[in-house]
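Enquirer: any chance you can model this:
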Amino acid sequence: MSDAQPQEKDKETEPKKQTLTFQDKFDKGKSLKEEGNALFKAGKASEAIRKYHEATLYLQGLDNNSVAAFMPGQDIKIADDIKEAITANLVACWSNISACHLKNGNYQRTLVFCDKVLAKDADNVKAIFRRGQARFALGDIDKAEEDFKKANQLAPNDPGPVQELKKVKIKHKEYEEKQKKELRGFLQRE
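Expert: Alright, predicted model coming up:
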């Protein structure tokens, strides 16, 4: 056993803890979101997810009144327009994360992030549409159809929901044909 005493850390070389202000956290969240956007546009969806997620870590909690508990010494009253900006950035990050997961074929994760968006903005067309695409890919055709119809209702000039509704119609037809074939086979056995 050694008699050596632990040495005290040299306070000169120890990194100083820096407390970020409310504005610093907001700005950092927005900056990370923009980095995620650039990565997504460059086709790097997995890397974009990380940036969007990091952005949400900076932004979450800034829009509620408990933020003061995490920032001692700062008297913070958040104006409604600032709360709206925070929420808009969070919703954009979650929406973009859902797009990345959809692109990567992670349909369950797509659903999770679409639901986060829709909890804050029930009529978010992109989230409804992406949720429909994920549901379709997972084989939940009826719920996908509901989403595409709602997206089409909210954005009637967007061709995306109409195209997806055509795919749903084809799937329904295929299912009906399969059922008829199985029923014919069943009836011929008797």
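
Enquirer: so residue 107 makes contact with residue 134?
Expert: Yes: taking CB atoms under 8 Å as the definition, residue 107 is a contact partner of residue 134 at 4.1 Å. Using the backbone N, CA and C atoms, a C-beta is placed for each residue, glycine as well.

Enquirer: more neighbours, the two?
Expert: For residue 107 versus residue 134, the count of surrounding residues by other CB atoms under 10 Å is larger for residue 134: 26 against 20.

Enquirer: and the most centrally placed residue in the chain, what element?
Expert: Centroid-nearest residue in the chain: residue 94, 2.7 Å away (criterion: CA atoms, centre = their mean). Here residue 94 sits within helix 80-104, counting by DSSP states H and E.

Enquirer: the helix or strand following that helix - contacts with which helices or strands?
Expert: For helix 80-104, the following helix or strand on the C-terminal side (DSSP H and E) is helix 107-120. Helix 107-120 sits against helix 80-104, helix 125-137, with contacts defined as 3 or more CB pairs under 8 Å, 6 or more residues apart in numbering; DSSP states H and E.

Enquirer: look up how far residue 124 lies from the residue nearest to the centre of the chain.
Expert: Distance, residue 94 to residue 124, using CB to CB, to the nearest Å: 9 Å.

Enquirer: what residues are shared contacts of the two?
Expert: Listed as contacting both residue 94 and residue 124 by CB atoms under 8 Å, 6 or more residues apart in numbering are residue 117.

Enquirer: ok, residue 171 - how many residues close by?
Expert: 16.

Enquirer: lowest-scoring secondary structure element of the protein by mean pLDDT?
Expert: Least confident helix or strand, the chain: helix 67-70 with a mean of 54, by mean pLDDT, DSSP states H and E.

Enquirer: picking that back up, the helix holding residue 94 versus helix 125-137: what angle between them?
Expert: Here the directions of helix 80-104 and helix 125-137 differ by 30 degrees (axes from the mean of the first three to the mean of the last three CA atoms, to 10 degrees).

Enquirer: quick one, helix 80-104 and helix 107-120 angle?
Expert: Using the same axes, to 10 degrees: helix 80-104 against helix 107-120 is 160 degrees.
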